[in-house]
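A.B. asks: Give me a 3D structure for the following:
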Amino acid sequence: MYQQHSGSRTFRGRTSSRPSYGGRSRPQGGYSGRRPGGASRVPRQRGANIHYSKFIQKAETVEEATVFTPVHTFADFLIDERLKKNITKKGYVTPTPIQDAAIPLALQGRDVVGLAETGTGKTGAFLIPLLDKVLKNPGENVLIMAPTRELAVQIADEFKAFASGLPLHFALAIGGANINMQIRSLRQGAQFLIGTPGRIMDLMDRGEVNLAKCSNVVLDEADRMLDMGFIESMRKILGTMPAKRHTLFFSATLSRDIEKLIGDFLTEPERISVKTQDTSKHVDQDIVRIQSGRTKFEHLAELLRTGEFTKVLVFGRTKHGVEKLFKLLKAEGFKAESIHGNKSHGQRQRSLKLFKDEHVQVLVATDVAARGLDIPNVSHVINFDVPGSYEDYVHRIGRTGRAGQRGKALTFIE
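C.D. replies: Coordinates of the predicted model:
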């Protein structure tokens, strides 16, 4: 597929007093505590230019959502019948809003800009038309870029389900995993390359990936890739692809940098926005003031011992801090796991699965888990460390209060 050897051949194919809440009202659950000292303001937290008041907001009443009536069913789409059967096997009958709007345009070969959040079905919105395209045109190749290993793995898992039994193959190119196995997948003939910009660049530098004839590309969570500093890698990768290509672009936000990227690399794209009510409006948000003489860890441990904190995602700022907090929780007898950039791919996937399957109560993570991951039934998000930006905060707390449920988010303030 993407691989090029000897400069000639391009391959294709296959404890103590309770914590004190500083908000206007305490979250539901009956916690007691007083505001310390009567101070009405606290300093902005180190590493974040965000006033604490931004972390206080009661969830709005979760009203019954307006019923979406799709224009299409999956049976309506002019796609390969084998692919339709796999879609049916997954239990899909009617498309989500992003799928309903994007799939017909992508099937026509139109460039698409989709403004949509995680959990809206956008993976299917780009995989279904591209799988159909390669089935009908075996010479086509597809590059799918995502910001994190975990999101790339989620896309690969969806690929396996949609492509079950079909003559379609993918290679997964992510850091923290054995690059030699990834090279082997490429050499065996994958039509789809799913990966993160950094590892894709590594494979290009090794001469294992040649995108000169790859005319289909998906940029998923593009705003997060920019946030993570991948802009130059993205430009370099896209710059090696044919000028005439099919580009599907998905982002939760449209910043000036995103708009410039769209202008530089897409051709008269169709724009689709299916952003629903902000997830944060379904989340009770409050702060926990750390009382003098107590530590954040003592507050955290006390909260986790209450019955309400059943499935808790705790965010820290640094890899070292996250790992230290995880070990402290384990030492106190909590069932916990951690995810951060110093862990191997296998370790991160194991931790994530244990948390998803509710074998552990707490997942301690850096912001690597704040975007793209769809984890059901997270009861609480706790910002043990204040995030670096308000946008990061919104993405963190968006891991709870999903699918019409109410969630709760607490931010520790020192």
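
A.B. asks: To what extent is residue 299 buried, counted in neighbours?
C.D. replies: 24 (other CB atoms under 10 Å). Yep, even glycine has a C-beta here, placed from its N, CA and C like the rest.

A.B. asks: so where is the stretch 301-414 of the chain shaky, pLDDT-wise?
C.D. replies: Within the stretch 301-414 of the chain, the segments meeting pLDDT under 70 span 370-373, 403-404.

A.B. asks: Tell me which stretches of it form helices.
C.D. replies: 319-331, 345-356, 390-397 (DSSP state H, counting those that start in this stretch).

A.B. asks: Mind checking what secondary structure the closest residue to residue 90 other than its chain neighbours has?
C.D. replies: Excluding its sequence neighbours, the residue lying closest to residue 90 (CB to CB, 6 or more residues apart in numbering) is residue 161, at 5.7 Å. Using DSSP: H, G, I helix; E, B strand; the rest coil, the secondary structure recorded for residue 161 is helix.

A.B. asks: right, and residue 297 touches residue 328 too?
C.D. replies: Yes - Residue 297 lies in contact with residue 328 (CB atoms under 8 Å); the separation is 5.9 Å.

A.B. asks: What backbone torsions are found at residue 57?
C.D. replies: Phi and psi for residue 57, reported as degrees, to the nearest 10, are phi -170, psi 130.

A.B. asks: Dig out what it forms beta bridges with.
C.D. replies: residue 285 (DSSP bridges).

A.B. asks: got it, and residue 362?
C.D. replies: Counting by DSSP bridges, residue 362 forms beta bridges with residue 312, residue 336.

A.B. asks: which residues in the stretch 251-400 of the chain form strands?
C.D. replies: 270-273, 283-289, 312-315, 336-339, 362-365, 380-383 (DSSP state E, counting those that start in this stretch).

A.B. asks: Now do the third one: which elements does it pack against?
C.D. replies: Under the contact criterion of 3 or more CB pairs under 8 Å, 6 or more residues apart in numbering; DSSP states H and E, strand 312-315 touches strand 362-365, strand 380-383.

A.B. asks: So what touches it?
C.D. replies: With CB atoms under 8 Å, 6 or more residues apart in numbering as the contact definition, strand 312-315 has outside contacts at 300, 304, 325, 355, 361-367, 369-370, 375, 378-385, 387, 396, 399-400.

A.B. asks: before we move on, what about stretch 255-264?
C.D. replies: 113, 222, 223, 226, 231, 234, 235, 249, 251, 269.

A.B. asks: In contact with the third one: list those residues for me.
C.D. replies: Counting by CB under 8 Å, 6+ apart, residue 223 touches 251, 252, 253, 254, 255, 258.

A.B. asks: from those residues, which would you call buried?
C.D. replies: Buried subset of those (neighbour count, 16 or more other CB atoms under 10 Å): 251, 252, 253, 258.

A.B. asks: Can you name the two of the residues you listed that sit furthest apart?
C.D. replies: The largest separation in the buried ones among the contacts of residue 223, counting by CB to CB, is between 252 and 258 at 10.0 Å.

A.B. asks: where does this protein have low pLDDT?
C.D. replies: Using pLDDT under 70, the chain drops low at 1-49, 52, 59-68, 118, 275-281, 370-373, 403-404.

A.B. asks: domains of it?
C.D. replies: The domain map for the chain lists 20-64+278-413, 66-273, with the assignment taken from automatic domain parsing.
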